[in-house]
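Asks: What would the 3D arrangement of this be:
(2 chains)
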Amino acid sequence: MTRERRRGLSALLKYLLLILVGFVMLYPLLWMVGASFKTNSEIFSGIGLLPKQPSLQGYRDAMSGYGGDINIWQAMLNTYKIVIPKVVFTLLSCTVTAYGFARFHFKGRNFLFLLLMSTLFLPNVVLNVPQFILFNKWGWIDHPLYLPMIAPTLFAQDTYFVFMLIQFLRNVPKELDEAAKIDGCSPLGTLWHVIVPVLKPALVSCALFQFMWSNNDFMGPLLYVSSPSRYPAAIFVKMSMDADAGFSWNRILALSLISILPSLIIFFLAQDQFIDGVTAGSVKG
Amino acid sequence: MENGGKRGNHFFRENRGFFFILPWLFGFILFKGYPFLSSLFYSFTDFHLFEGIHRIGLQNYQEIFRNKKILAAFATTFRYAFMTVPLKLCFALFVAYILNFQLKGVKLFRTAYYIPSILGGSVAISVLWKAIFKDNGIINLFLSFFGVQGPNWLANKGTALFIICLLRVWQFGSSMVIFLVALKSVSPDLYEAASLDGAGKWRQFFSITVPLITPVIFYNLVTQLVQAFQEFNGPYIITQGGPRGATTLVSLLIYNNAFKKYEMGMASAEAWVLFLILLLFTLILQRSQKHWVYYSDEEV
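Replies: Got it, this is the predicted structure:
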């Protein structure tokens, strides 16, 4: 065999392997899309992707709700009542905090930075119980404004994003700030006119990840939301699964798909920023 | 007076960075520091949300080490973590390695492999997992083509935990992307020199690639391990901890104690034992770094 042919063959082999892995990975998602258009009797009669008699029954049922004051649209609306404030507050508070740590020296800075970094590794599992006790004492359980989920983001408590922004700022030359200072900019002015524009790509990544993670968050609403009319989509989908499993799978799959559709759209629109974000701050998944 | 005012002004100027981090510090004390310490205190009490609180010393901890169900949950958590993390990382590294050959269309594959990482944490995907692995789900339909009668994966004590583990392995995309960047930074000259010396592809992989990317392996190992030890959504949504406790991880146990039985003291003690185990693992890994993690000069 010539060298060229061997190389061609090895490339072909790699492609085949990549396609096979990709197929196995994406098959469940594609199946889910197809199955949501199948009739209930068809869903588990074969593993094909395309429905034999496409039906919108699953979606019609999904819209109709289970009675009570909640349906999928209300649930989606509730989700974004949590997600959007979380994203906005995270961007504001994390930028200010990262700026303070990355650009200033002050008494106790090193110690506080150590505290900040240690919270990066502080597992949530130790905080869940005492936080619940605290929020319960404050009357925040089932709060109409979802305070237990949203309030911490006002104070830059998602350390991961602060860390990512500090890492990013390290590579931004300090001369930029100093030039602004000479031009008479106050620290706040510098932050707004110099730092924020430079930070933009990192901020986009933070916003995207906070959006996805808040969308997927299940534990938060499970602990802190109890009225059905306030359920976000994550809880609503879980509830409908418990109610319907065994007979109405097209409805559950349609509901599930609706609940992840915004995330999917955002991901396809901004895939490069996601990948950059994963690697920029070194990440979790 | 004037002098003092000036000194105050000077102090203010020297430390004004502090005002930028003040909101964070306030939030830290309120949402992390105080809860963290208070949970340590609760762990030495019989705190019940509706029945008051008494100090009981080490009783919760003694119960943890005596109760077979609790010990089983810790054992299951270990099994889960030591199954999920290596599988996920090996798979992520393997796929990243193949993607790193200069193939056309790498970006497309990278995107495709990353999608599960974005959606995998959602309830919707757990629902999907249930549809795939239930007794007449698509895996068993697929197997029946070959005349194989698959087990009832989620109701079988031997397989249920592995199915939950697969859900996380399926989300290898974020680790893969991190590996891919590290692989790109390995200089091609090294491979060339090695292949001139007659080293084959496998030899190159284990003697050049792996040593050079050990910092990234270390990073992925620590973050994935911390995550795996806290897994909650998978077993809670898909199997409710069953069948017969086969997927009851410690996080589920804590949830049941705290939010079903309202035994906050016991739940806090369990959380602290889990936290200390995690801390121990992280410290051991940190310590072991100098034996296997290679930091090139510019990366330190």
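
Asks: C-alpha only now, for contacts and for neighbours.
Replies: Will do.

Asks: The spatially most central residue of chain B: which element?
Replies: Central residue of chain B (C-alpha atoms, centre = their mean): residue B:227, 1.7 Å from the mean position. Per DSSP states H and E: residue B:227 is located in helix B:214-229.

Asks: Check which helices and strands that helix sits against.
Replies: Judged by 3 or more C-alpha pairs under 8 Å, 6 or more residues apart in numbering or on different chains; DSSP states H and E, helix B:214-229 is in contact with helix B:68-99, helix B:173-184, helix B:264-292.

Asks: Would you tell me what the next helix or strand after it is?
Replies: Heading C-terminal from helix B:214-229 (DSSP H and E), you reach helix B:233-234.

Asks: And for that next one, what's in contact with it?
Replies: A:218-219, B:121, B:123, B:126, B:164, B:167 (C-alpha atoms under 8 Å, 6 or more residues apart in numbering or on different chains).

Asks: would you list those in JSON lines and tack on neighbour count, distance to residue A:86 and pLDDT?
Replies: Formatted as JSON lines, the contacts of helix B:233-234 follow (neighbours: other C-alpha atoms under 10 Å in any protein chain shown; distance: C-alpha to C-alpha, whole Å; pLDDT from 0 to 100):
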{"residue": "A:218", "neighbour count": "21", "distance to residue A:86": "15", "pLDDT": "95"}
{"residue": "A:219", "neighbour count": "14", "distance to residue A:86": "16", "pLDDT": "95"}
{"residue": "B:121", "neighbour count": "22", "distance to residue A:86": "18", "pLDDT": "86"}
{"residue": "B:123", "neighbour count": "28", "distance to residue A:86": "19", "pLDDT": "93"}
{"residue": "B:126", "neighbour count": "24", "distance to residue A:86": "24", "pLDDT": "93"}
{"residue": "B:164", "neighbour count": "23", "distance to residue A:86": "29", "pLDDT": "95"}
{"residue": "B:167", "neighbour count": "18", "distance to residue A:86": "27", "pLDDT": "94"}
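
Asks: For residue 49, grab the count of nearby residues.
Replies: All of this refers to chain A. 18 (other C-alpha atoms under 10 Å in any protein chain shown).

Asks: if you could check chain B rather than the one you did, that'd help
Replies: By the measure other C-alpha under 10 Å, the count of residues near residue B:49 is 16.

Asks: Tell me the confidence at it?
Replies: Listed pLDDT for residue B:49 reads 89.

Asks: One more: residue A:23?
Replies: At residue A:23, the predicted lDDT confidence score is 91.

Asks: which SSE is the residue nearest the centre of chain A in?
Replies: Note on chain A: the residue nearest the mean C-alpha position is residue A:212, at 1.6 Å, using C-alpha atoms, centre = their mean. Assigned by DSSP H and E, residue A:212 belongs to helix A:196-216.

Asks: That helix near chain B at all?
Replies: Yes - judged by C-alpha under 8 Å from any C-alpha of the partner chain, helix A:196-216 comes into contact with chain B at A:212-213, A:215-216.

Asks: Now that helix: buried residues?
Replies: Judged by neighbour count (16 or more other C-alpha atoms under 10 Å in any protein chain shown), helix A:196-216 contains these buried residues: A:196, A:198-199, A:201-216.

Asks: just stretch B:71-82 next, same as before
Replies: Neighbour-count burial for stretch B:71-82, counted by 16+ other C-alpha under 10 Å, picks out B:72-74, B:76-81.
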